[in-house]
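Peer 1: sharing a model that was predicted from the sequence below.
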Amino acid sequence: MDLARIGFAAAALPSAVPARRCPVDAIGLLTACRVMWEQGGRLVALWACDDRDRDRGYAVNVVLQDVDGLVLLEHSLPSSESTYPDLAVIFPAANRMQRAAFDLVGIASEAEDQRPWLWQASWPIDQFPLRRDFEPSPKWQPGEEEYPFVRVEGDGVHEIPVGPVHAGIIEPGHFRFQVVGEKVLRLEERLGFVHKGIEKRFEAMNSATGHRLAGRISGDTTVAYAWAYAQALEAITGVEPPPRALWLRALALERERIANHLGDLGYLGNDGGFAFGLAQFSRLKERLLRTNLAAFGHRLAMDYVAPGGVAHDLSPASAVAIADECGMLAREVARLKEIYDEHDGLQDRFRSCGIATPALAAKLGLAGLAGRASGQAHDLRCDLPCRPYDELAVRKATSETGDVAARAAVRFDELAESLRLVRAIVDALPSGDIAAPLPEPPAFRKGLGVVEGWRGAVLVALECGPGGTVRRCHPHDPSWSNWPVLEHAVIGNIVPDFPLINKSFNLSYSGHDL
Amino acid sequence: MLHILRQIAKTGIKTDAAPNADLDNIVVSRLQEQVLKTLGRALAIRQVDAGSCNGCELEIHALGNPYYNIEGLGIRFVASPRHADMLLVTGPVSKHMAIALQRTYDATPEPKLVVAVGDCGCSGGIFGESYASFGRVANVIPVDVEIPGCPPTPTALLEGILAAIAVRPPTATPADNPDAAGSS
């Protein structure tokens, strides 16, 4: 909605989708969030900045989204003593973002929950890495924190701690289950283990090469992050990439979605006790990745999207190979879907397992693919299509049941749609240049990039400094909103179903821990 | 059920169908030979993500697909370091994972091999060393072999695993091979 209509001073914000920025005081922050929430708006991201070097104290930034586009609310705080309103009372997902903002910048919300989130005793608790005067000491050694998990008490209740090193080949995180018998009464997540200082690292980079780091925030979402970063920098410099570059980016992004959905559908079969599914889907994924290597110069298309365009052109031979592959994959996936659908044992594991109801999903802000499987019909490619999606008429895949079966079904539907899109993109690929030169970005200008990755919308908020440096870059993964919902979706299920439920969400640790 | 059997029969054996079959087959047969020669049994690997972006994990997963068929070579990924001959570690090692990595290393029985995977595992990569990152795996635990790449391809991973077994057979006791003890 247009916040200017209710008295806010809103100005246009450079971005590939409609976006506005709005300076707000504490009451304005709460009011804007509440009004947007009442109109169906959602929280996308919350982060903080240290602007003391420009005599502006600190800033809390909140990005909300509704049908009209994005709104960036900017709230200044004169000193680290001042606090800002707790937004988790409106958007529950704000809780962990607010705690992370304190860990990294040292400004606190007024929330009751002040437990650390990304901090885990590896640096002193009164030192804040994203402050401009932060100086790390080689003397700091990792310590062990006493994290206050909530415990359930009662007859026969016991606790199962899992992680950070898990049994499979997956990312590290800690899960604390409170169980009675096999039934999960409560799950509490402790994340932050792969925090490797990405936001601080951005500040030592030149904006022209920042896409390489953006492409390594979450390896399975490298195209979406690099594109979102490129969008933000292009918005700041006012450069529009040539049409062919934008279509090639969409080609890489849809193939990233296909690769991840193929992988997940295989592992969902495997975790449901159906190893046949993993063998079949991993075979198809490997075919896709080999075609990627020939088409993009990299199996995952890392570093393919660069500011201004893409790194190299698509050869006619690769275009033919990709078009042919679409037909093959569509046939194979349709056959495998039939096998999955008819397999009683698998369906028995999938159905009514790990339910996130549409009401819960709406309340907690479940985003992206998992959200669409719980009736939250949001997809940037349809809702706020950037080029070339405005010409592709993407069909949204949704389900209402919110169980593992729904998340598998949405993946099958999106897979079929992405194969259609890939075919359409290759057929209609415009000719011309694949990159436009970028001038040095003006200092202290902000830009947003937002792209519908396979997991959900990824956002990159970028502010450049003098001489083309990165002053502040906040990348935001949809996993921030979805991890808390997983805690709810497992309640009442049995512990052995957790791996299946977790896999059906397949959330990012690295993209969240930063 | 008939659908499944038909699909299996139709799919056939994919393991030989690698596009760069010559290179892959040489690596694969040498690896299989070396595993049998030095171990006389399966090689058990425990993978540890010590801070990676998850890109390396995607390619490690790919080793299990029918094209690389790593289990067919007598190599399997195990759930506990106590069952492992080799740790396959991706980096950079985040400070928050350093203690867990050290404990995983301590829990792995001797003789053991450590293979650092990816540019980040080898050098710290784009993340480097910082308040939150120790950088390369060798900064935290002793490393036998490094496999560069961002991420390394499945073939590069197979070659690296082979090199590790050849460099320091895990069946050798530390007394047999004093130079290698604690090497990085």
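Peer 2: Now that the structure is in, tell me what you want to look at.
Peer 1: and residue 83, how many neighbours does it have?
Peer 2: You didn't pick a chain, so chain A it is. 15 (other C-beta atoms under 10 Å in any protein chain shown). Glycine gets a C-beta too; all of them are placed from N, C-alpha and C.
Peer 1: I was thinking of chain B, sorry if that wasn't clear
Peer 2: Neighbours around residue B:83, by other C-beta under 10 Å: 14.
Peer 1: which SS class is the nearest residue to it once chain neighbours are set aside?
Peer 2: Leaving aside its chain neighbours, residue B:83 sits nearest to residue B:44 (5.4 Å; criterion: C-beta to C-beta, 6 or more residues apart in numbering or on different chains). Under the three-state scheme (DSSP: H, G, I helix; E, B strand; the rest coil), residue B:44 adopts strand.
Peer 1: thought residue B:81 was touching residue B:44, still the case?
Peer 2: No: contact criterion C-beta atoms under 8 Å: residue B:44 and residue B:81 do not qualify, at 9.8 Å.
Peer 1: going by secondary structure, whatever residue of the stretch 251-400 of chain A ends up closest to chain B is in what exactly?
Peer 2: Of all residues in the stretch 251-400 of chain A, the one sitting closest to chain B is residue A:282 (3.7 Å; C-beta to the nearest C-beta). Following DSSP states H and E, the helix or strand that holds residue A:282 is helix A:275-296.
Peer 1: by contact count, what packs against whatever helix or strand comes next after that helix?
Peer 2: Proceeding N to C from helix A:275-296, the next assigned helix or strand is strand A:305-306, under DSSP H and E. With contacts taken as 3 or more C-beta pairs under 8 Å, 6 or more residues apart in numbering or on different chains; DSSP states H and E, strand A:305-306 sits against helix A:222-237.
Peer 1: does the helix it packs on reach chain B?
Peer 2: Yes: judged by C-beta under 8 Å from any C-beta of the partner chain, helix A:222-237 comes into contact with chain B at residue A:222.
Peer 1: tell me the first helix or strand C-terminal of that helix.
Peer 2: helix A:243-271.
Peer 1: re the thing from before, the residue nearest to residue B:83 and chain A, how far apart?
Peer 2: Separation of residue B:44 from chain A (C-beta to the nearest C-beta, to the nearest Å): 13 Å.
Peer 1: can you get me a residue count around that residue?
Peer 2: Neighbours of residue B:44 using other C-beta under 10 Å come to 20.
Peer 1: and the helix holding residue A:282, what's buried?
Peer 2: A:276-292, A:295-296 (16 or more other C-beta atoms under 10 Å in any protein chain shown).
Peer 1: can you get me a residue count around the residue in chain A that chain B sits nearest to?
Peer 2: Closest to chain B within chain A is residue A:219: 2.6 Å, counting by C-beta to the nearest C-beta. Here the number of neighbours of residue A:219 (other C-beta under 10 Å) works out to 26.
Peer 1: surely it and residue B:59 touch.
Peer 2: No: using C-beta under 8 Å, residue A:219 is not in contact with residue B:59, being 9.0 Å away.
Peer 1: give me the common contacts of these two.
Peer 2: residue B:151 (C-beta atoms under 8 Å, 6 or more residues apart in numbering or on different chains).
Peer 1: residue contacts, residue A:442?
Peer 2: A:236-237, A:464.
Peer 1: what strand or helix carries the residue nearest to the spatial centre of chain B?
Peer 2: The residue lying closest to the centre of chain B (C-alpha atoms, centre = their mean) is residue B:88, at 4.0 Å. Using DSSP H and E, residue B:88 maps to strand B:86-90.
Peer 1: in its sheet, what does that strand sit against?
Peer 2: strand B:43-49 (parallel), strand B:113-117 (parallel) (DSSP bridges).
Peer 1: could you check the pLDDT of the closest residue to residue A:498 other than its chain neighbours?
Peer 2: Closest residue in space to residue A:498, ignoring its immediate chain neighbours: residue A:490 at 5.8 Å, by C-beta to C-beta, 6+ apart. Residue A:490 carries a pLDDT value of 97.
Peer 1: from what I see, residue A:490 and residue A:354 are in contact.
Peer 2: Yes: the criterion here is C-beta under 8 Å, and residue A:490 meets it with residue A:354 at 6.2 Å.
Peer 1: what's the overlap in contacts for those two?
Peer 2: Joint contacts of residue A:490 and residue A:354 (C-beta under 8 Å, 6+ apart) are A:497, A:501.
Peer 1: now do residue A:86: how many residues are near it, please.
Peer 2: Neighbours around residue A:86, by other C-beta under 10 Å: 17.
Peer 1: once you drop chain neighbours, what's closest to it?
Peer 2: residue A:111 (3.8 Å).
Peer 1: related to what we said a few turns ago, might you report the residue contacts of the residue nearest to residue B:83?
Peer 2: B:76-78, B:83-86.
Peer 1: which stretches of chain A form strands?
Peer 2: A:11-12, A:19-23, A:42-50, A:58-66, A:69-77, A:157-162, A:174-180, A:183-190, A:305-306, A:309-310, A:446-452, A:457-464, A:470-476 (DSSP state E).
Peer 1: if we look at the last one, which residues are touching it?
Peer 2: Looking back up the chat, that one is strand A:470-476. A:44-45, A:47, A:49, A:61, A:63, A:130, A:198-199, A:202-203, A:205-207, A:210, A:214, A:217, A:225, A:228-229, A:443-444, A:458-465, A:511, A:514.
Peer 1: using PDB, write down the CA coordinates of it.
Peer 2: Presented in PDB, the C-alpha positions along strand A:470-476 are these (Å, rounded to 0.1, in the frame of the first residue of the first chain):
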ATOM      1  CA  VAL A 470      30.600  -1.800  -0.400                       C
ATOM      2  CA  ARG A 471      29.600   0.200   2.700                       C
ATOM      3  CA  ARG A 472      26.900  -2.300   3.900                       C
ATOM      4  CA  CYS A 473      25.400  -5.300   2.300                       C
ATOM      5  CA  HIS A 474      22.700  -7.400   3.900                       C
ATOM      6  CA  PRO A 475      21.700 -10.600   2.100                       C
ATOM      7  CA  HIS A 476      18.500 -12.100   3.400                       C
END
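Peer 1: now it and strand A:58-66, what's the angle there?
Peer 2: 40 degrees (axes from the mean of the first three to the mean of the last three C-alpha atoms, to 10 degrees).
Peer 1: quick one: distance of strand A:470-476 to the chain centre.
Peer 2: 14 Å (C-alpha atoms, centre = their mean, to the nearest Å).
Peer 1: what comes up buried for that strand?
Peer 2: Going by neighbour count (16+ other C-beta under 10 Å), the buried part of strand A:470-476 is A:470-476.
Peer 1: leaving out sequence neighbours, find the closest residue to residue A:332.
Peer 2: According to C-beta to C-beta, 6+ apart, the nearest residue to residue A:332 is residue A:284 (5.8 Å).
Peer 1: wait, doesn't that neighbour sit right on residue A:333?
Peer 2: Yes: between residue A:284 and residue A:333 there is a contact at 7.2 Å, judged by C-beta under 8 Å.
Peer 1: find residues that contact each of these two.
Peer 2: residue A:262.
Peer 1: can you tell me the residue of chain B closest to chain A?
Peer 2: residue B:55 (2.6 Å).
Peer 1: for that residue, the count of nearby residues, please.
Peer 2: Residue B:55: 27 neighbours (other C-beta under 10 Å).
Peer 1: need the contact list for the closest residue to it other than its chain neighbours.
Peer 2: The spatially closest residue to residue B:55, leaving aside those adjacent along the chain, is residue A:219, at 2.6 Å (C-beta to C-beta, 6+ apart). When contacts are counted by C-beta under 8 Å, 6+ apart, residue A:219 is found next to A:300, A:302, A:510, B:52-58, B:151.
Peer 1: in helices only, show me those residues.
Peer 2: If you go by DSSP state H, the contacts of residue A:219 have A:510, B:55-58 in helices.
Peer 1: and which of those is nearest to residue B:141?
Peer 2: Lowest distance from residue B:141 to those (C-beta to C-beta) belongs to residue B:56, with 16.8 Å.
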